[in-house]
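pasting the sequence and the predicted coordinates here, then a few questions.
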Amino acid sequence: MNKKKNTRLISTAVITAILGASIFVYSHTPNKLRFYDALHLWMHKPAVARVMSWIGLSEKTVLAGKKVYWCPMHPQVNRDKPGPCPICNMQLVEMTGAEAGNKGDDNSILFTPRQLQQAGVRYATVKRMTLTREIETTGIVDADERLLKTISAWAPGKSRIERLFANFTGATVRKGQPLISIYNPDFINTQEEYRLLFKSGAKRLSPLLKSVEARLMRWGISKAAIKKFRNNENIMENITIYSPISGTVIERMVSQGQYVTEGTPLMKLADLSRVWIYGEIYENELPLIKAGMPIDVSVQGKTIKGKINFIDPVVQIDSRTVRVRFEVSNKNGLLKPGMFASARIRADAKDVLAIPESAAIFTGRRVIVFVSEGDGAIFPVEVTLGRKWLYATERAKGGKGDFLLKSEERYHEILSGLDEDEEVVTSANFLIAAEAQFQGALKKMAPEKFSDSKQDPDTGR
């Protein structure tokens with residue numbers, strides 16, 4: 001009796017569960033949906049899919065032995081007979097073995113040749129190239145600090161400026177040319193002392209004679225001038241200061257008749273045959289440049305060769321730029337301190353694995369590239385980029401080593417994610433990305449930490 005009673009209770013419970021499930025399925029199934037479509041819909045419900053996985057069933061095993069027709073534009077649509085797609089009204093096609101194999105890859109997106117042609121999909125081969133990146137900046141010309149000279153008063157005590165030979169700022173002087181003549185009483189007394197010691201001829205006074213001679217030389221008097229005045233009756237009344245370099249007077253600090261003391265700056269000279277240009281580049285361009293790289297400076301319609309002399313180790317907080325110093329030859333005098341000049345840096349990258357710029361899709365957290373697998377299958381791949389926005393170059397004919405841009409197409413360096421000779425999509429990427437998002441291919445690429453949440457790893461929602 002107990003066994004019969006238990007059997008009746010179990011049968012009643014099973015029948016009740018089947019009826020309840022049927023009523024639930026019927027109430028939640030859209031109207032006018034055929035049995036095959038309803039079965040396909042419910043097999044993709046998360047709860048049903050988990051139960052099927054527990055008992056070892058899948059959609060393929062349930063529908064085994066039947067012809068399946070699908071929409072290449074919307075692979076989630078499957079039918080047991082041909083007809084139009086309920087979403088895009090495209091005719092369904094029979095799923096072949098190759099397509100079924102591709103469909104088994106959860107991250108692939110399938111297209112028909114007609115769809116690829118209508119979307120204008122184009123491909124490019126991942127290959128190694130010699131690329132270049134041109135960085136343009138505007139800088140301010142300044143004098144080379146290593147070629148600056150300051151002329152000071154050397155004589156002790158007070159001296160008077162008797163004459164200024166270079167008497168205005170901007171005057172051009174040659175090396176050895178007289179600049180300033182000054183009168184100093186100690187200078188005259190020292191000359192008299194030297195002459196008396198020299199005429200005495202006493203050997204015991206020889207050290208003292210050498211000491212006075214050294215003092216005169218420290219004041220700027222040459223050995224030839226000392227030899228000349230010690231043999232003549234007349235002594236030198238003024239000390240003449242000669243230019244130590246060929247250059248330009250960039251600052252005059254004294255006037256004729258002015259009194260100065262020892263060490264007072266009198267004049268500043270600059271050799272402008274070589275100048276510096278201070279420019280600024282953005283911090284994200286720092287990996288592309290280094291000291292010693294050649295540059296081209298454009299001024300007054302002419303191009304002058306130069307090089308990067310120094311890169312400032314500090315980033316400017318307000319502009320997020322780095323100060324860079326260029327060293328440029330200025331023998332023709334085109335560059336003037338304070339002038340603006342345009343500088344162009346060409347950063348070459350050799351043997352770089354690269355893809356066209358249009359092949360990369362920036363999603364915020366990552367970069368996606370679509371790789372062609374053949375037979376209309378396209379696979380999204382996450383890649384790591386190195387240097388970006390590089391140009392292909394070619395050597396100019398008869399240009400003595402100059403390079404020209406080969407095309408306007410820009411490239412990105414690939415650090416990981418792709419191999420050489422793979423085919424990547426370079427056009428209609430966003431149409432493919434939209435379809436991949438619709439089919440869930442991009443979501444399936446998300447890290448495991450997103451798998452149990454409803455947050456989209458690309459949009460953050």
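Received, thanks. This is a predicted model, so every value here is computed, not measured.

let me see the contact set for the most centrally placed residue in the chain.
Note on the chain: the residue nearest the mean C-alpha position is E285, at 2.7 Å, using CA atoms, centre = their mean. When contacts are counted by CB atoms under 8 Å, 6 or more residues apart in numbering, E285 touches I135. C-beta coordinates here come from the backbone N, C-alpha and C atoms, glycine included.

per-residue confidence at G65?
pLDDT recorded at G65 is 52.

meant to ask about I345
For I345, pLDDT reads 91.

looking at it, it is touching M293, isn't it?
Yes: with contact defined as CB atoms under 8 Å, I345 reaches M293; the gap is 6.3 Å.

which one's more surrounded, those two?
Counted by other CB atoms under 10 Å, I345 and M293 do not tie: I345 has more neighbours, with 22 against 18.

mind checking how far the closest residue to the more buried one other than its chain neighbours is from L288?
Take I345 and drop its neighbours on the chain: the residue closest to it by CB to CB, 6 or more residues apart in numbering is I135, 4.3 Å away. Using CB to CB, to the nearest Å, I135 is found at 7 Å from L288.

try Q256
From Q256 to L288 the distance is 54 Å (CB to CB).

for C88, same thing?
On the measure of CB to CB, C88 and L288 end up 46 Å apart.

who's more crowded, these two?
Higher neighbour count among C88 and L288: L288, with 20 against 11, using other CB under 10 Å.

list the residues that contact the residue lying closest to the more buried one once chain neighbours are set aside.
Excluding the flanking residues, the one nearest L288 by CB to CB, 6+ apart is A347, at 4.0 Å. A347 sits next to T132, R133, E134, I135, L288, I289, M293 when contact means CB under 8 Å, 6+ apart.

ok, now I151?
Here I151 is in contact with L179, I180, I241, P265, L266, M267, K268, L269 (CB under 8 Å, 6+ apart).

before we move on, back to that, okay, and the common contacts of I135 and L288?
I345, A347.

quick one: strands adjacent to the helix or strand the residue nearest to L288 falls within?
Element membership for A347, per DSSP states H and E: strand 340-356. Here strand 340-356 has these sheet partners by DSSP bridges: strand 127-143 (antiparallel), strand 294-299 (antiparallel), strand 403-416 (antiparallel).

export the first one to CSV, keeping only CA atoms.
Looking back up the chat, that one is strand 127-143. Output of strand 127-143 as CSV, limited to C-alpha atoms (Å, rounded to 0.1, in the frame of the first residue of the first chain):
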residue,chain,number,x,y,z
LYS,A,127,53.8,42.9,-42.1
ARG,A,128,57.1,44.3,-40.9
MET,A,129,57.9,47.8,-42.2
THR,A,130,60.3,50.8,-41.9
LEU,A,131,58.1,53.6,-40.6
THR,A,132,58.6,57.2,-39.5
ARG,A,133,56.9,59.7,-37.3
GLU,A,134,57.2,63.5,-37.9
ILE,A,135,56.9,65.8,-35.0
GLU,A,136,56.6,69.5,-35.7
THR,A,137,57.1,72.3,-33.1
THR,A,138,57.8,76.0,-33.0
GLY,A,139,60.8,77.2,-31.0
ILE,A,140,62.5,80.5,-30.0
VAL,A,141,66.1,81.1,-31.2
ASP,A,142,68.6,81.9,-28.4
ALA,A,143,72.4,82.2,-28.3
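
average pLDDT for that strand?
Mean predicted confidence for strand 127-143 is 90.

quick one: buried residues of it?
Neighbour counts over strand 127-143 (16 or more other CB atoms under 10 Å) mark M129, L131, T132, R133, E134, I135, T137, G139, V141, D142, A143 as buried.

that older thread, part of a helix, is the residue nearest to the centre of the chain?
Yes: assessed with DSSP: H, G, I helix; E, B strand; the rest coil, E285 lies in a helix.

and it, how far is that from I135?
Relative to I135, and taking CB to CB, E285 is found at 6 Å.

partner residues bridging K149?
Assigned bridge partners for K149, using DSSP bridges, are L269.

identify the residues contacting it.
Neighbours of K149 in contact, by CB under 8 Å, 6+ apart: P244, I245, G247, K268, L269, A270, D271.

need the pLDDT of it.
On the pLDDT scale, K149 gets 94.

that one and I361, how far apart?
Counting by CB to CB - K149 and I361 are separated by 59 Å.

cool, and F111?
As judged by CB to CB, F111 and I361 stand 17 Å apart.

now do the contacts for the residue nearest to I345.
I281, E285, L288, I289, R344, I345, A347.

and for the fifth one, the neighbour number?
Read that as R344. 13.

G139 is in contact with that one, correct?
No: the criterion here is CB under 8 Å, and R344 misses it with G139 at 11.0 Å.

quick one: the helices in the stretch 101-250 of the chain?
Counting by DSSP state H, counting those that start in this stretch, the stretch 101-250 of the chain has helices at residues 113-119, 185-200, 206-218, 223-230.

what ranges does the stretch 351-461 of the chain have for its helices?
With DSSP H, counting those that start in this stretch as the criterion, the stretch 351-461 of the chain has helices spanning 429-439, 441-444.

and these, which one's lowest on average pLDDT?
The weakest mean pLDDT among the helices of the stretch 351-461 of the chain belongs to helix 441-444, with a mean of 53.

nearest to I311, out of the helices of the stretch 101-250 of the chain?
helix 206-218 (40.5 Å; CB to CB).

let's see that closest one as PDB, backbone CA atoms only.
Provided in PDB are the C-alpha atoms of helix 206-218 (Å, rounded to 0.1, in the frame of the first residue of the first chain):
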ATOM      1  CA  SER A 206     114.900  88.700 -11.500                       C
ATOM      2  CA  PRO A 207     112.100  87.100  -9.400                       C
ATOM      3  CA  LEU A 208     110.600  90.500  -8.700                       C
ATOM      4  CA  LEU A 209     110.800  91.400 -12.400                       C
ATOM      5  CA  LYS A 210     108.900  88.200 -13.300                       C
ATOM      6  CA  SER A 211     106.300  89.000 -10.700                       C
ATOM      7  CA  VAL A 212     105.600  92.400 -12.200                       C
ATOM      8  CA  GLU A 213     105.500  91.000 -15.700                       C
ATOM      9  CA  ALA A 214     103.000  88.400 -14.600                       C
ATOM     10  CA  ARG A 215     100.800  91.200 -13.100                       C
ATOM     11  CA  LEU A 216     100.800  93.100 -16.400                       C
ATOM     12  CA  MET A 217      99.800  89.900 -18.300                       C
ATOM     13  CA  ARG A 218      96.900  89.400 -15.900                       C
END
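
right, I'll leave it there.
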